[in-house]
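Peer 1: Below is the sequence, then the predicted model.
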Amino acid sequence: SGAAPWANKQRPPPSQPVRRRRGSNASAAPSIPDSLSVQHIGGEPFVVCLVTAYSENEDGISTTLTSLAETEYSDQRKLLFVVADGMVTGSGEAMSTPDVCVSLLEADPRFGTPTPMSFISIGQGKKEHNMAMVYAGHYTRAKGHRTPMVVVVKCGAPEEASDSKPGNRGKRDSQMILMNFFQRVTYNDRM
């Protein structure tokens, strides 16, 4: 349904702070209820690795993604979330940064061909409206790993197509895209 698994369950009552008596040797650290323990949610929580890219080349982005994918953390519990910040080609590069990011992805055909979608960006005036395409699949360049990956390409609105860096709004904007993703996945709502 898109709602968090705990959304329709009764929440436990808030814990009371532990009070220490003078001269007491008891630990002041509160105990963690079993319902919130790591064993309850699994030995490894899910993690999202945000990688923002502006004018990086293939070697730089691939090295970063391979390093993250090759960690001992389970591929089933991590997500590589790459945001290409605008339609930018680095100095001396033949391929644009978004093209590099998408080329590193083994795209899942179930998602089809992405189309630009509008979102509210960090910016003022015409820069407040931005558009992005979202690709999903796996990163497979790390030996022995098949890591889930999402690539968000900020491509800009049609009226900025002739600008030097269409879609570029900066790394804070890329962080906000991830926060909006969390808001949608967790609460099925806009941030």
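Peer 2: Structure received. No experiment lies behind these values; they were computed from the predicted model shown. Numbers count the residues shown, from 1 in each chain.

Peer 1: ok, now which ones touch Ala94?
Peer 2: Counting by CB atoms under 8 Å, 6 or more residues apart in numbering, Ala94 makes contact with nothing. Bear in mind the C-beta positions are built from the backbone N, C-alpha and C, glycine included.

Peer 1: so is the residue nearest in space to the middle of the chain in a helix, a strand, or just coil?
Peer 2: For the chain, the residue nearest the mean C-alpha position is Phe81 (3.9 Å; CA atoms, centre = their mean). Put simply, Phe81 is strand when judged by DSSP: H, G, I helix; E, B strand; the rest coil.

Peer 1: wait, doesn't it sit right on Cys49?
Peer 2: Yes - using CB atoms under 8 Å, Phe81 is in contact with Cys49, at 6.6 Å.

Peer 1: Report the separation between the spatially closest residue to Lys78 that is not a sequence neighbour and Met149.
Peer 2: Once flanking residues are discounted, Lys78 sits nearest to Val47: 4.9 Å by CB to CB, 6 or more residues apart in numbering. For Val47, the distance to Met149 (CB to CB, to the nearest Å) stands at 13 Å.

Peer 1: shared neighbours of these two, anything?
Peer 2: Taking CB under 8 Å, 6+ apart as the criterion, Val47 and Met149 both touch Leu79.

Peer 1: who has more neighbours, the two?
Peer 2: With neighbours defined as other CB atoms under 10 Å, Val47 and Met149 compare such that Met149 has more, 27 against 12.

Peer 1: quick check, the more buried one in a helix?
Peer 2: No - counting by three-state DSSP, Met149 is not part of a helix but strand.

Peer 1: Go ahead and confirm it touches Thr140.
Peer 2: No - using CB under 8 Å, Met149 makes no contact with Thr140, being 9.2 Å away.

Peer 1: Could you report the distance from Pro116 to Gly125?
Peer 2: Relative to Gly125, Pro116 is positioned 20 Å away (CB to CB).

Peer 1: neighbour count winner among these two?
Peer 2: Comparing Pro116 with Gly125 by other CB under 10 Å, the one with more neighbours is Pro116, at 17 against 6.

Peer 1: And for the more buried one, nearest residue in space, chain neighbours not counted?
Peer 2: Nearest to Pro116 is Met131, by CB to CB, 6+ apart, at 4.1 Å.

Peer 1: Report the rounded mean pLDDT for the helix or strand harbouring the one you found.
Peer 2: According to DSSP states H and E, Met131 maps onto strand 129-139. With pLDDT averaged residue by residue, strand 129-139 scores 94.

Peer 1: Would you give the sheet partners of it, along with the direction of each?
Peer 2: Using DSSP bridges, the strands paired with strand 129-139 are strand 106-107 (antiparallel), strand 117-120 (antiparallel), strand 147-154 (antiparallel).
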